[in-house]
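[1] Need coordinates for the below:
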Amino acid sequence: MKLKLALAVLMVALLATVTFTACPGDAEDRVEITLVNNKVEIDAALRAFAALYERETGVRVNVLSFGGEVPYAPAISAMFAAGTEPEIFVFEGWAGYDDARRGGRITYLDNEPWLADTDLAYISPTTGGIVGFPVAIEGWGLGYNREILRRAGVDPASMTNIAGMRAAFERIHSMRGELGLDAVVSMAAGPGMTWVTGLHAMNAYLTLGLPYYDSTRYIDMLNRGEVDPARLRYFAEYMDLLFRHSIPASLVVGGYDTQLGDFAIQRTAFIHQGNWIDPTFAEMGINFEMGYVPHAFLPETTDGIFIGAPSFYIVNARAENIQAAKDFLTFMASTPAGHRYMVTEAGAVAAFRSVTLQPPGQFSRAVQEWAGRGSAHMFAWQQNEMPAGFGMDVLGPIFLLLASGEINVDGFVQMFTDAVATLR
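    Here you go, the predicted model:
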């Protein structure tokens with residue numbers, strides 16, 4: 001497996017080198033930049049937008065997309081090792097930022113015109129300067145099927161604290177035969193799904209109920225090796241609630257397709273996923289009405305969902321055409337063509353207030369609606385500020401033990417606490 005990955009990365013490096021250098025017919029004075037993208041799903045849309053930009057400005061934008069069978073992180077690392085320096089590439093959270101900082105690839109963006117149009121640019125944790133252009137907004141709560149909740153007599157607005165969550169789950173569970181359900185919620189906690197539990201579910205513990213812009217209380221505690229015992233117990237009890245109301249086989253051994261499929265064919269009323277599943281549902285022809293309720297695991301009301309920019313474009317200080325890269329991002333953020341690309345073509349929720357277009361997917365529209373209610377109804381993403389691998393590789397297996405019934409809530413709390421203590 002390691003040999004296959006090494007060969008794949010080597011091929012990526014060679015491909016990148018060829019892509020950058022094999023331009024013998026180009027005019028010598030033409031400006032070119034290269035953007036490395038980490039979402040293969042938007043490759044075609046991004047290339048089309050790059051072609052439009054070249055027609056408008058004469059600047060060629062070479063797009064390289066990695067993901068799927070050729071993971072992004074080793075691919076971009078291989079490019080750097082080969083001496084290839086794209087003008088724009090993607091990073092996610094602290095680890096990616098720190099790699100770029102140590103590699104001397106940070107360009108500050110504090111004076112860019114799009115900055116006044118967003119609250120979600122990445123701010124350097126070390127200097128306070130702006131270093132990341134938000135690629136899009138993504139978000140998640142607990143997704144629901146609106147018609148099933150209507151038939152069950154459950155008002156989504158009542159699900160903003162743990163009492164409301166339990167009442168809704170118990171009512172739907174008692175009516176599952178009448179509603180044609182196999183379980184209340186579509187959840188996956190198996191070995192390949194630790195990003196759902198160890199990252200996205202974990203973020204509920206880290207940020208639910210905290211002010212969006214100025215609180216890092218629980219992530220700071222975690223990175224010091226500490227937990228909040230009362231909050232952790234509430235969180236563990238909530239995860240246990242989800243697990244006990246899931247389809248057992250799908251929960252423990254099912255993968256991504258199984259989880260989405262259970263919700264899509266209406267075997268469940270809820271799903272623990274974000275708006276990134278919209279394109280898959282569109283391909284499947286799923287058109288029933290959906291929305292989000294909070295992951296409200298606390299006794300007090302927490303009327304919001306997790307909204308953030310999952311990734312950012314960085315302008316590479318070691319690349320050749322830095323200003324051209326900045327101009328391309330400004331065009332994307334500030335023009336109707338850029339807005340159409342982000343929302344209509346890429347199917348994203350744009351991170352810029354001036355964008356008025358609505359995304360096509362229902363969960364994306366729900367995220368946009370929650371974001372439009374203001375920061376009081378948004379909770380931040382801080383799962384990427386944990387040490388690399390800690391959420392998926394260390395905490396993820398503990399969630400699976402709870403899901404499979406090998407440990408109970410007490411066991412989860414103890415194992416979680418012991419795992420966090422290793423970070424001291």
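[2] Just say helix, strand or coil for T268.
    When states are read from DSSP: H, G, I helix; E, B strand; the rest coil, the local structure at T268 comes out as coil.
[3] how many neighbours does P113 have?
    P113 is flanked by 11 other residues according to other C-beta atoms under 10 Å. Any C-beta I mention is one placed from the backbone N, CA and C, and that applies to glycine too.
[4] do H173 as well
    17.
[5] roughly how far apart are it and I322?
    H173 sits 57 Å away from I322, going by C-beta to C-beta, to the nearest Å.
[6] and what of V227?
    For V227, the distance to I322 (C-beta to C-beta) stands at 43 Å.
[7] Pick out whichever of the two has more residues nearby.
    Neighbour count, other C-beta under 10 Å: between V227 and I322, V227 has more, with 20 against 16.
[8] And the strands in the stretch 51-200 of the chain, which stretches?
    60-65, 88-91, 122-123, 130-134, 138-140, 142-145, 185-186 (DSSP state E, counting those that start in this stretch).
[9] so of the ones you listed, which one's packed in deepest?
    Most buried of the strands of the stretch 51-200 of the chain, by mean neighbour count (mean count of other C-beta atoms under 10 Å): strand 185-186, with a mean of 28.
[10] Show the subsequent helix or strand relative to that one.
    helix 194 (DSSP states H and E).
[11] Need the residues that contact that next one.
    Contacts to helix 194, defined as C-beta atoms under 8 Å, 6 or more residues apart in numbering, come from residues 391-393, 395-397, 399-400.
[12] Okay, and which of the residues you listed map to helices?
    Among these, the ones falling in helices (DSSP state H) are 396-397, 399-400.
[13] Including mean pLDDT and distance to D240, could the strands of the stretch 51-200 of the chain go into JSON lines?
    Shown next, in JSON lines, are these (pLDDT from 0 to 100; distance: least, C-beta to C-beta, whole Å):
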{"stretch": "strand 60-65", "mean pLDDT": "97", "distance to D240": "39"}
{"stretch": "strand 88-91", "mean pLDDT": "97", "distance to D240": "35"}
{"stretch": "strand 122-123", "mean pLDDT": "93", "distance to D240": "35"}
{"stretch": "strand 130-134", "mean pLDDT": "97", "distance to D240": "35"}
{"stretch": "strand 138-140", "mean pLDDT": "95", "distance to D240": "20"}
{"stretch": "strand 142-145", "mean pLDDT": "98", "distance to D240": "15"}
{"stretch": "strand 185-186", "mean pLDDT": "98", "distance to D240": "12"}
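[14] Now render those strands as JSON lines, adding distance to T330.
    Formatted as JSON lines, those follow (distance: least, C-beta to C-beta, whole Å):
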{"stretch": "strand 60-65", "distance to T330": "13"}
{"stretch": "strand 88-91", "distance to T330": "12"}
{"stretch": "strand 122-123", "distance to T330": "17"}
{"stretch": "strand 130-134", "distance to T330": "9"}
{"stretch": "strand 138-140", "distance to T330": "22"}
{"stretch": "strand 142-145", "distance to T330": "34"}
{"stretch": "strand 185-186", "distance to T330": "41"}
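[15] what's the closest of those to G374?
    strand 138-140 (14.0 Å; C-beta to C-beta).
[16] what's that closest one packed up against?
    Where contact means 3 or more C-beta pairs under 8 Å, 6 or more residues apart in numbering; DSSP states H and E, strand 138-140 is packed against strand 305-308, helix 362-372.
[17] Please identify the most buried of the ones you listed.
    Per residue and on average, the most neighbours among those fall to strand 305-308, with a mean of 26 (mean count of other C-beta under 10 Å).
[18] who touches it?
    120, 137-141, 200, 203-204, 207, 292, 294-295, 367, 370-371, 377-381.
[19] Off-centre distance for that strand?
    9 Å (C-alpha atoms, centre = their mean, to the nearest Å).
[20] Can you name every helix or strand that the helix or strand just after it contacts?
    Following strand 305-308 in sequence order, the next helix or strand is strand 312-315 (DSSP H and E). Counting contacts by 3+ C-beta pairs under 8 Å, 6+ apart, strand 312-315 packs against strand 88-91, strand 130-134, helix 322-334.
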